[in-house]
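Asks: predicted structure and sequence below. I'll ask about it afterward.
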Amino acid sequence: MASDSFSQLKISDAQIKNLESLGYTKMTPIQAQSIPHVLKGKDLIAKAKTGSGKTAAFGVGLLNQINPRFFGVQALVLCPTRELADQVGKEIRRLARSVPNIKLVLLCGGKPFGPQVGSLEHGAHIVVGTPGRIQDHLRKNTLTLDGLKTLVLDEADRMLDMGFSEVMDDIISQTPKSRQTLLFSATYPDSIDKMSHSIQKNPISVTVESEHKTDVIEQMFYEVKKHERNNSLLAIFEHYQPETTVVFCHTKKQCDEVASFLQEHRIAALAIHGDLDQRERDQVLVRFSNNSCSVLVATDVAARGLDIKSLQAVINYELPRDPEIYVHRIGRTGRAGEKGQALSIFTASEQNRVNAIETYQKKPCRCDVYESLDRDPGFSLQPAMVTIQLDSGRKNKVRPGDILGALTGDAGLAGSDIGKIDIFDMSSYVAVERTALRQAMNYLAQGKVKGRTIRARQIR
Ligand code: AMP
């Protein structure tokens with residue numbers, strides 16, 4: 001039996017069948033190295049990124065520990081962002097299909113408190129959420145962790161970066177000492193080491209090489225004068241013409257300024273950073289993921305946990321000081337074997353950051369001047385899709401099929417005119433081809449979705 005086959009694990013046949021039905025034919029490297037230890041109840045510190053299959057690496061193990069007949073929280077997964085918590089929750093739910101009657105509750109900030117209390121009162125076996133909100137529930141005694149068996153810290157480095165250290169300590173202090181602790185982190189700064197020492201018992205350490213083969217990522221570095229950053233950024237767009245890009249900046253202000261600059265130069269860009277409220281953040285992510293925005297200008301923290309399938313380019317408007325962060329950033333392109341571009345702008349005073357990346361990657365960085373790039377000055381990047389927001393959502397029992405049905409049926413749009421549909425509690429978003437926008441809006445202005453007149457507006 002191959003060493004990466006799920007069937008050699010001490011898990012139920014139903015669980016193995018379920019993994020097969022999910023199309024997981026063999027374990028990813030992080031799974032092969034982690035799951036056997038996790039199943040033995042060992043603590044684990046694992047260096048792995050989103051995309052490596054890390055959720056199943058801890059998910060399979062924690063599910064194995066759960067006693068469905070005991071209605072108390074037995075597993076807790078802490079995540080830095082709501083988006084990551086959503087993704088992790090979905091993946092664990094998929095993995096849990098083989099175990100009847102398992103209840104998972106998501107507890108994230110930016111969501112109303114009351115319904116979360118209601119869900120907890122019905123009994124939850126697994127809680128996935130963000131630290132602040134989980135601490136709130138503990139304070140209010142709407143959540144207790146006395147019966148916890150497994151604690152998972154997902155993207156622990158980011159939680160520390162985001163200032164969750166004390167909150168995490170407080171949460172962990174309310175869990176039994178006998179718990180199993182699984183710590184996942186994309187990078188290993190000293191603070192992670194310290195944390196592991198204080199909360200884990202003889203953890204097994206697992207590291208997998210980045211699954212992003214850096215040779216499918218073409219890396220270029222452009223040295224510029226300080227005042228040339230914007231112009232060089234434009235030159236990069238006009239030369240490489242990527243259709244989907246994340247531009248990384250250091251500060252929120254820089255994100256806003258760079259996004260405005262790109263918009264002024266006919267490149268549809270949106271900024272995403274911690275100052276956006278949850279609704280604005282949802283909208284930006286919806287628009288980026290449904291192809292009605294081509295460029296996201298983000299801070300590292302804001303880009304955390306984004307479920308971005310494949311980016312053609314990652315641009316560093318400014319290089320990070322830590323070369324691991326650089327590698328983490330550029331790993332968002334060149335996924336699934338596609339070629340990706342990692343393009344970085346730096347000034348002479350940041351040469352040491354380029355040197356650090358060379359040392360880290362054990363290969364020289366290719367540097368050039370941006371003036372040598374062939375530019376297409378007429379270049380413009382206006383995505384083919386546009387997003388329409390509808391004022392009805394999950395709470396109104398709207399499902400994607402209802403929206404699709406209304407637009408392709410009564411409104412007469414072709415199925416191919418309609419893109420991704422995202423349903424939130426109080427609103428929904430549908431991407432339509434720009435050429436079909438008017439037809440869709442004309443219908444929505446008078447028509448109905450699910451028998452109910454709704455209001456629709458294009459998001460700009
Ligand atoms: P993650 O790193 O947990 O975010 O997982 C990345 C993606 O890989 C998810 O979409 C999983 O559903 C998928 N995945 C996880 N494990 C496997 C596996 N063994 N085989 C195939 N796909 C997997």
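Replies: In hand now; what should we look at?
Asks: which parts of the chain sit against the ligand?
Replies: Within reach of the ligand by CB under 6 Å from any ligand atom, the chain has these residues: 23-24, 27-28, 31, 50-56, 91. The way it works is simple: take the backbone N, C-alpha and C, and place the C-beta from them, glycine included.
Asks: got the residues you listed as JSON lines, with pLDDT and distance to residue 196 columns?
Replies: Shown next, in JSON lines, are the residues of the chain next to the ligand (pLDDT from 0 to 100; distance: CB to CB, whole Å):
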{"residue": "23", "pLDDT": "85", "distance to residue 196": "33"}
{"residue": "24", "pLDDT": "88", "distance to residue 196": "28"}
{"residue": "27", "pLDDT": "92", "distance to residue 196": "24"}
{"residue": "28", "pLDDT": "90", "distance to residue 196": "23"}
{"residue": "31", "pLDDT": "94", "distance to residue 196": "21"}
{"residue": "50", "pLDDT": "72", "distance to residue 196": "20"}
{"residue": "51", "pLDDT": "76", "distance to residue 196": "23"}
{"residue": "52", "pLDDT": "83", "distance to residue 196": "19"}
{"residue": "53", "pLDDT": "90", "distance to residue 196": "22"}
{"residue": "54", "pLDDT": "93", "distance to residue 196": "16"}
{"residue": "55", "pLDDT": "94", "distance to residue 196": "20"}
{"residue": "56", "pLDDT": "95", "distance to residue 196": "22"}
{"residue": "91", "pLDDT": "94", "distance to residue 196": "24"}
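Asks: out of these, which sit inside helices?
Replies: Of the positions in the residues of the chain next to the ligand, 31, 54, 55, 56, 91 sit in helices, assigned by DSSP state H.
Asks: the nearest residue to residue 217 once chain neighbours are set aside and residue 340, how far apart?
Replies: Nearest non-adjacent residue to residue 217, counting by CB to CB, 6 or more residues apart in numbering: residue 334, 4.0 Å away. According to CB to CB, to the nearest Å, residue 334 stands 3 Å off from residue 340.
Asks: common neighbours of those two, please.
Replies: Residues touching both residue 334 and residue 340 (CB atoms under 8 Å, 6 or more residues apart in numbering) are 216, 217.
Asks: can you check the pLDDT for residue 418?
Replies: You'll see residue 418 listed with a pLDDT of 88.
Asks: got it, and the one 4 residues further on?
Replies: The predicted local distance difference test score for residue 422 is 88.
Asks: what's the answer for residue 305, then?
Replies: At residue 305, the model reports a pLDDT of 57.
Asks: cool, residue 214 as well?
Replies: We have a pLDDT of 55 for residue 214.
Asks: want to try JSON lines for the ones in helices among the residues of the chain next to the ligand, with distance to residue 71 and neighbour count as columns?
Replies: Output for these, formatted as JSON lines (distance: CB to CB, whole Å; neighbours: other CB atoms under 10 Å):
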{"residue": "31", "distance to residue 71": "29", "neighbour count": "28"}
{"residue": "54", "distance to residue 71": "28", "neighbour count": "27"}
{"residue": "55", "distance to residue 71": "24", "neighbour count": "26"}
{"residue": "56", "distance to residue 71": "25", "neighbour count": "24"}
{"residue": "91", "distance to residue 71": "23", "neighbour count": "17"}
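Asks: ok, of those residues, which one's closest to residue 288?
Replies: Here the nearest of those to residue 288, counting by CB to CB, is residue 91; it sits at 21.0 Å.
Asks: strands of the stretch 51-200 of the chain, residue ranges please.
Replies: If DSSP state E, counting those that start in this stretch is used as the criterion, the strands of the stretch 51-200 of the chain fall at 75-78, 104-107, 126-129, 150-153, 180-185.
Asks: can I get those strands in a markdown table with mean pLDDT?
Replies: Below are the strands of the stretch 51-200 of the chain laid out as a markdown table (pLDDT from 0 to 100):
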| stretch | mean pLDDT |
| --- | --- |
| strand 75-78 | 98 |
| strand 104-107 | 97 |
| strand 126-129 | 98 |
| strand 150-153 | 98 |
| strand 180-185 | 96 |
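Asks: what would those look like in CSV with mean neighbour count?
Replies: Listed next are the strands of the stretch 51-200 of the chain as CSV, based on neighbours: other CB atoms under 10 Å:
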stretch, mean neighbour count
strand 75-78, 26
strand 104-107, 23
strand 126-129, 26
strand 150-153, 26
strand 180-185, 24
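Asks: is it possible to get a markdown table of those that adds distance to residue 424?
Replies: Output for the strands of the stretch 51-200 of the chain, formatted as a markdown table (distance: least, CB to CB, whole Å):
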| stretch | distance to residue 424 |
| --- | --- |
| strand 75-78 | 22 |
| strand 104-107 | 14 |
| strand 126-129 | 18 |
| strand 150-153 | 26 |
| strand 180-185 | 28 |
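Asks: between those strands, which one is nearest to residue 43?
Replies: In terms of CB to CB, the element of those nearest to residue 43 is strand 180-185, at 4.9 Å.
Asks: what lines up beside that closest one in the sheet?
Replies: Using DSSP bridges, strand 180-185 pairs in its sheet with strand 44-47 (parallel), strand 150-153 (parallel).
Asks: for it, list the C-alpha coordinates in PDB.
Replies: Taking C-alpha atoms only, strand 180-185 is exported to PDB below (Å, rounded to 0.1, in the frame of the first residue of the first chain):
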ATOM      1  CA  GLN A 180      -4.100  18.000  22.200                       C
ATOM      2  CA  THR A 181      -2.700  21.100  20.600                       C
ATOM      3  CA  LEU A 182      -2.100  21.400  16.900                       C
ATOM      4  CA  LEU A 183      -0.300  24.500  15.700                       C
ATOM      5  CA  PHE A 184      -0.100  25.500  12.000                       C
ATOM      6  CA  SER A 185       1.900  28.400  10.800                       C
END
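Asks: let me see the domain layout of this protein.
Replies: For the chain, automatic domain parsing gives the domain ranges 6-207, 217-372, 385-459.
Asks: of all those, which lies closest to residue 378?
Replies: With CB to CB, the closest approach to residue 378 among those belongs to domain 217-372: 8.7 Å.
Asks: secondary structure element for residue 437?
Replies: For residue 437, the host element (DSSP states H and E) is helix 437-446.
Asks: now do the contacts for residue 237.
Replies: 245, 262, 265, 267, 379, 381.
Asks: same check, this time on residue 431
Replies: Residue 431 neighbours (CB under 8 Å, 6+ apart): 290, 291, 292, 385, 386, 387, 388, 418, 419, 420, 421.
Asks: nearest to the ligand, of the residues you listed?
Replies: Using CB to the nearest ligand atom, residue 420 comes nearest to the ligand of those, at 16.4 Å.
Asks: okay, the residues of the chain next to the ligand in a markdown table with distance to residue 179 next?
Replies: Shown next, in a markdown table, are the residues of the chain next to the ligand (distance: CB to CB, whole Å):
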| residue | distance to residue 179 |
| --- | --- |
| 23 | 32 |
| 24 | 27 |
| 27 | 25 |
| 28 | 25 |
| 31 | 22 |
| 50 | 24 |
| 51 | 27 |
| 52 | 24 |
| 53 | 23 |
| 54 | 19 |
| 55 | 19 |
| 56 | 20 |
| 91 | 21 |
